[in-house]
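In: sequence unknown, structure follows:
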């Protein structure tokens, strides 16, 4: 009877009701409610830095900030992208890569990943000839993939600017025969270097070979610095020795009697700039032309 009274007691009803309310509250807290329909992932891109291998090959580094407000993890995918340099599409020679093959953005998380845009500036059309600065605009169509039928698209635009660096151009303006001897002759070659850049460059440590009339004449190496002003020219005088010990004497006579010579001037030079992007770079040159031979 005592047990029966306890079961029928009003106090037991209060206890059981409280227990049921507690269980219901816990059940509600443990449910994962789906994200609101307007709750979309977001992304933003900012320019970080640039690296250059030479005057034509650069890599732009961006930082991609991602936010996933949903309660499910997502995989990031680049659905489409387009790059333009000063309004011109580079076409071939452009590549884009995320900072990993698979990018996962956890539920309710923020993530920052690197983005690399590689450009071959040498593949640009002649429309770029008048630009001293490259202005790049990168448009991205990103997809957050939550499941086979659950995706969210985000559009991002990133911009960057960096100076254009051009290679100097080399020209021979005159060849002078200074002294003819039995087995060699001394030459003075006047070299003009044009700087197409809007900033000064220095030319140093360059080696060269000179050919005249399809024959090797002489070679040499210079280490003196030649400063070339912005969009200007500078001249240098090179001293060369032609050795005829393995050639016929009549070749020397022909050279001495020349009024004009078809030449070919090849070599390699180190060019220094005041640009952080590319402070020093090598240049290979191969120039042909016609020059006066001065006694």
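Out: Received, thanks. As the structure is a prediction and not an experimental result, all values here were calculated from the model.
In: Which per-residue confidence value corresponds to residue 174?
Out: You'll see residue 174 listed with a pLDDT of 86.
In: count of neighbours near it?
Out: 15 (other C-beta atoms under 10 Å). (Glycine included, C-beta is placed from N, CA and C.)
In: next one: the one 3 residues further on
Out: The tally of other residues near residue 177 (other C-beta under 10 Å) stands at 18.
In: What is the strand or helix carrying it packed up against?
Out: Element membership of residue 177 [criterion: DSSP states H and E] is strand 169-180. The contact analysis (3 or more C-beta pairs under 8 Å, 6 or more residues apart in numbering; DSSP states H and E) places strand 169-180 against strand 184-194, helix 249-257, strand 260-272, strand 280-294.
In: make it 10 Å
Out: When contacts are defined as 3 or more C-beta pairs under 10 Å, 6 or more residues apart in numbering; DSSP states H and E, strand 169-180 packs onto strand 184-194, strand 201-212, strand 233-243, helix 249-257, strand 260-272, strand 280-294.
In: out of the ones you listed, which comes closest to residue 227?
Out: The closest approach between residue 227 and any of those, judged by C-beta to C-beta, belongs to strand 201-212 at 5.5 Å.
In: Could you tell me how far the helix or strand following that closest one lies from the centre of the chain?
Out: Moving toward the C-terminus from strand 201-212, the next helix or strand (DSSP H and E) is strand 215-222. Between the centre of strand 215-222 and the centre of its chain there are 35 Å (C-alpha atoms, centre = their mean, to the nearest Å).
In: Check stretch 160-170 too.
Out: A distance of 12 Å separates the centroid of the chain from that of stretch 160-170, by C-alpha atoms, centre = their mean.
In: ok, now stretch 139-155?
Out: Stretch 139-155 sits 28 Å away from the centroid of its parent chain (C-alpha atoms, centre = their mean).
In: try stretch 260-268
Out: 32 Å.
In: Residue ranges in the stretch 1-150 of the chain under the pLDDT threshold?
Out: The stretch 1-150 of the chain contains residues with pLDDT under 70 at 1-38, 125-129.
In: so the most centrally placed residue in the chain is in which element?
Out: Residue closest to the average C-alpha location in the chain (C-alpha atoms, centre = their mean): residue 58, at 1.3 Å. Under the criterion of DSSP H and E, residue 58 resides in strand 57-67.
In: Against which helices or strands is that strand packed?
Out: Strand 57-67 makes packing contacts with strand 42-52, strand 74-85, strand 94-98, strand 103-105, strand 110-120, strand 133-147, strand 150-163 when contacts are defined by 3+ C-beta pairs under 10 Å, 6+ apart.
In: Could you rerun that using 7 Å?
Out: For strand 57-67, the packing partners by 3 or more C-beta pairs under 7 Å, 6 or more residues apart in numbering; DSSP states H and E come out as strand 42-52, strand 110-120.
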